[in-house]
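Student: Below: sequence and its predicted model.
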Amino acid sequence: MTAPDLLTSATSSVPSGGAARPTGPLVEVRDLSVAFGDRTVVRDVSFTLDPGRCVAIVGESGSGKSVTARSLLGLNGPSSSTTAGALSLGGRDLRDLSDRAWRGVRGKDVGYVLQDALVSLDPLRRVGASVADALRAHGVGPRSAREQQVLSLLGRVGIPSPSLRARQLPSELSGGLRQRALIAAAIALDPAVLIADEPTTALDTTVQAQILALLDELRAGGTGLVLISHDLGVVEQLADEVVVMQHGVVVEQGPVAAVLGDPQHAYTKRLLAAIPSAHAPGARLSDAPPATLAPRPASRPVPVAGSVVLSVSHVSKRYRGPDGVVRTVVDDVSFELRAGETLGIVGESGSGKSTTAAIALALTPPSSGQVLFEGRPWSALPERARRADRPRIATVSQDPLSSFDPRRTVGELVRSALVGARSARGAGAPGSSDAARVDSLLQGVGLDPSLAGRHPLTLSGGQRQRVAIARALATDPDVLVLDEAVSALDVSVQAQVLDLLADIRQEYGTAALFISHDLGVIHHVSDRVLVLRDGRVVEEGPADQVFRSPRDPYTQGLLDAVPGVSVHRNPQSAQSPQSPQSPQSPQEES
């Protein structure tokens, strides 16, 4: 079968190399252990993957999920040590492959969808060139044929206007479009095995449904899937078997219906209990006590509850694309945000959510319309005129690592926000109490102050997100803009962060603009919800009303596309976490 044929037939039983799919197990892993130096991070993991089947590996950050998967690609690095009773792909022993042999396996026999779409694509190369890498590396066709195959691949994973997107840089695409481009690259050679590490993390519900359907179609054609995901709804929908890992060890394993429907291990029960839709909206998701937040300075009083702090009035934003066509990405959007309120913004990738947030932050000027902060001009001002009030609107992004200076320690990052806010307000030189304030902020977000001396690269994803929140709180903001701030976190760490945000709102009266593709999270945290489609508001109202009785067919479609495990289907089925054990331990977060 030729490569073009593979792009139009997900049910092909022949991989791109031309050989038939193995009739026996595609993957056999027995007693796999991986160590880095004297630290063993994966111990005695075993599972088998047959053609047309999906094995899901779940667990918190640091549980060993990705290390286990990367062992099938030889990507754990030269500092790792791997031992196994069996580690094979289609009957081929992988334990002693040379670097050259591994390069022949990657892409052709095993495809890999990387976890972090925000940084996994080369920022200096066009998207089409990145997608074509596997085709080029394995000598598939001339350049002109590869370019056509790339367009077919981009269309196959649901990317609109493939010819335009192929010519764009990753920075010009939304997170969801970047994630789909990674999937296109991974399936370019129709590998027998596809490892998908959080493949739907950045995707909205409808695009997520498309990707899950595509993965299911590949599986129906004989592809074996190894799925790593913190979304247990996705796991239930796609997986046949689930492997639950904690601290590098398998604590529960079996058919997905048995493990998720009747979990036996306390850790599995805790993961299920942390799902937002397993609780009444606003209820605490973790068993951690409320945060002990640093007192707000007397000079920064709590805003009057119900007062309008941010007003976005008829804003639109237009861009000229690389093809010269002017496109409207935000179209006549209006809303008000009140003190102590959380406004959730939902919509598909490319619906204008992040651009709307950037306009509200005055990081992107609107093409028309205006933003007012506490009734005063905000978007229309030059930056120097906004400087004194800039610390009062803080942001927490999906990828905090990209926003951190990697040369600075955690303490320096938080302290720089303190100093910057003080300077913006004309409050003078750094104070002698800065170190104590940094410690207090770190403790307030559930971090040990001893982490102040560490660099962000040495922290887990959950810890980095907490540092980002501590840095945002250091400016004593009245408004927090959270753009997919919890989408990359596993469910238990996500639960802790959402509880922390609720504590911040209650203690400080902070208003929040909360953007997420996860409708369960939006319903749980939001007072009101704004639904965007193609840059326009199609529905707005109280969260319960929008979620329980959506008026617009688009909103109904978003809700219908949400995958859910059994605990999702009864919002009152779990009002509190099941385990008395704290969700965060130094081992889980290191």
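Tutor: Sure, I can see it. In this text the structure is predicted, and so the values were computed from the model without any measurement.
Student: Mind listing what's buried along the strand or helix carrying residue 502?
Tutor: Element membership for residue 502 (DSSP states H and E) is helix 491-508. Residues of helix 491-508 classed as buried by neighbour count (16 or more other CB atoms under 10 Å): 491-505, 507-508. C-beta: built from backbone N, CA, C; applies to glycine.
Student: so what does the host helix or strand of residue 557 touch, helix or strand wise?
Tutor: Secondary structure assignment for residue 557, by DSSP H and E: helix 553-560. Packing contacts for helix 553-560, counted by 3 or more CB pairs under 8 Å, 6 or more residues apart in numbering; DSSP states H and E, involve helix 205-220, strand 528-533, strand 536-542.
Student: Moving C-terminal from the helix holding residue 502, which element do we reach first?
Tutor: Using DSSP H and E, the helix or strand that follows helix 491-508 towards the C-terminus is strand 511-515.
Student: mind checking how far stretch 79-91 is from the chain centre?
Tutor: Relative to the centre of its chain, stretch 79-91 is centred 29 Å away, using CA atoms, centre = their mean, to the nearest Å.
Student: Can you point out the buried residues in that stretch?
Tutor: By neighbour count on 16+ other CB under 10 Å, the buried set for stretch 79-91 is 80, 82, 84, 86, 87, 88, 89, 90.
Student: just checking, which of the residues you listed belong to helices?
Tutor: Using DSSP state H, no member of the buried residues of stretch 79-91 sits in helices.
Student: pLDDT of stretch 205-221, averaged?
Tutor: Averaged over stretch 205-221, pLDDT sits at 85.
Student: contacts for it?
Tutor: 9-13, 52-54, 156-158, 176, 180, 183, 187, 194, 196, 199-200, 203, 225, 227, 234, 237-238, 348-349, 517, 519, 557-559, 561-563 (CB atoms under 8 Å, 6 or more residues apart in numbering).
Student: how about it: buried residues?
Tutor: Using 16+ other CB under 10 Å as the test for burial, stretch 205-221 gives 205-212, 214-215, 218-219, 221.
Student: And those, which is closest to residue 339?
Tutor: Nearest to residue 339 among these, counting by CB to CB, is residue 205 at 30.2 Å.
Student: The closest residue to that closest one other than its chain neighbours - how many residues pack around it?
Tutor: Distances taken as CB to CB, 6 or more residues apart in numbering place residue 561 nearest to residue 205, at 4.1 Å, with adjacent residues excluded. Burial measure for residue 561: 17 neighbouring residues, criterion other CB atoms under 10 Å.
Student: Same question for residue 280.
Tutor: Residue 280 has 11 nearby residues by other CB under 10 Å.
Student: So it belongs to a helix, correct?
Tutor: No: per DSSP: H, G, I helix; E, B strand; the rest coil, residue 280 lies outside any helix segment and is coil.
Student: most centrally placed residue in the protein?
Tutor: Nearest residue to the geometric centre of the chain (CA atoms, centre = their mean): residue 488, 2.9 Å.
Student: right, and that residue touches residue 400 too?
Tutor: No: using CB atoms under 8 Å, residue 488 is not in contact with residue 400, being 9.3 Å away.
Student: Quickly list what's touching both of the two.
Tutor: Common contact partners of residue 488 and residue 400 (CB under 8 Å, 6+ apart): residue 465.
Student: Go through the helices and strands packed on helix 553-560 and name the closest to residue 478.
Tutor: Among these, the nearest to residue 478 by CB to CB is strand 528-533 (17.7 Å).
Student: Mind listing the strands that closest one pairs with, and their directions?
Tutor: Sheet pairing for strand 528-533, assigned by DSSP bridges, gives strand 342-346 (parallel), strand 536-542 (antiparallel).
Student: Just give me the neighbour total for residue 544.
Tutor: 14.
Student: what does residue 169 give?
Tutor: Residues lying near residue 169 (other CB under 10 Å) number 15.
Student: do the one 4 residues further on as well
Tutor: Around residue 173 there are 20 other residues, counting by other CB under 10 Å.
Student: wait, isn't it in contact with residue 127?
Tutor: Yes: Residue 173 is within contact range of residue 127, at 6.7 Å (criterion: CB under 8 Å).
Student: all helices of the stretch 1-150 of the chain, in order?
Tutor: For the stretch 1-150 of the chain, the helices defined by DSSP state H, counting those that start in this stretch occupy 3-8, 65-70, 99-105, 117-120, 127-131, 133-137, 143-156.
Student: cool, the stretch 251-400 of the chain as well?
Tutor: Secondary structure of the stretch 251-400 of the chain by DSSP H, counting those that start in this stretch: the helices cover 256-261, 266-273, 353-360, 383-386, 400-403.
Student: So which of those helices is nearest residue 423?
Tutor: Across the helices of the stretch 251-400 of the chain, closest to residue 423 is helix 383-386 (CB to CB), at 13.2 Å.
Student: Contacts for the closest one, please.
Tutor: The contact list for helix 383-386 (CB under 8 Å, 6+ apart) reads 362, 378.
Student: Give the buried residues for that helix.
Tutor: Within helix 383-386, the residues that qualify as buried are residue 386, counting by 16+ other CB under 10 Å.
Student: Off-centre distance for it?
Tutor: Centre to centre, stretch against its chain (CA atoms, centre = their mean), the figure for helix 383-386 is 32 Å.
Student: Now that helix - C-alpha only, CSV.
Tutor: Extracted C-alpha coordinates of helix 383-386, given in CSV (Å, rounded to 0.1, in the frame of the first residue of the first chain):
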residue,chain,number,x,y,z
GLU,A,383,0.8,51.1,28.4
ARG,A,384,2.5,53.7,30.5
ALA,A,385,-0.9,55.0,31.6
ARG,A,386,-1.9,51.5,32.6
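Student: now it: mean pLDDT?
Tutor: In this model, helix 383-386 has a mean pLDDT of 93.
Student: low-confidence ranges in the chain?
Tutor: Scanning the chain with the threshold set as pLDDT under 70 gives 1-23, 115-118, 175, 202, 294, 297-301, 427-432, 564-590.
Student: related to what we said a few turns ago, ok, and which of the strands paired with strand 528-533 has the densest surroundings?
Tutor: The highest mean neighbour count among these, using mean count of other CB atoms under 10 Å, belongs to strand 342-346: a mean of 26.
Student: sorry, back to before: could the helices of the stretch 1-150 of the chain go into JSON lines alongside distance to residue 257 and mean neighbour count?
Tutor: Shown next, in JSON lines, are the helices of the stretch 1-150 of the chain (distance: least, CB to CB, whole Å; neighbours: other CB atoms under 10 Å):
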{"stretch": "helix 3-8", "distance to residue 257": "32", "mean neighbour count": "16"}
{"stretch": "helix 65-70", "distance to residue 257": "21", "mean neighbour count": "23"}
{"stretch": "helix 99-105", "distance to residue 257": "33", "mean neighbour count": "13"}
{"stretch": "helix 117-120", "distance to residue 257": "30", "mean neighbour count": "20"}
{"stretch": "helix 127-131", "distance to residue 257": "36", "mean neighbour count": "24"}
{"stretch": "helix 133-137", "distance to residue 257": "35", "mean neighbour count": "18"}
{"stretch": "helix 143-156", "distance to residue 257": "30", "mean neighbour count": "18"}
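Student: Take the ones you listed and write them to a markdown table, including distance to residue 404.
Tutor: Formatted as a markdown table, the helices of the stretch 1-150 of the chain follow (distance: least, CB to CB, whole Å):
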| stretch | distance to residue 404 |
| --- | --- |
| helix 3-8 | 39 |
| helix 65-70 | 21 |
| helix 99-105 | 32 |
| helix 117-120 | 12 |
| helix 127-131 | 25 |
| helix 133-137 | 28 |
| helix 143-156 | 32 |
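Student: Out of those, which is closest to residue 373?
Tutor: When the helices of the stretch 1-150 of the chain are compared by CB to CB, helix 117-120 sits nearest residue 373, at 28.4 Å.
Student: ok so, going back, touching both of residue 173 and residue 127, which residues are there?
Tutor: Shared contacts of residue 173 and residue 127, defined by CB under 8 Å, 6+ apart, comprise 165, 181.
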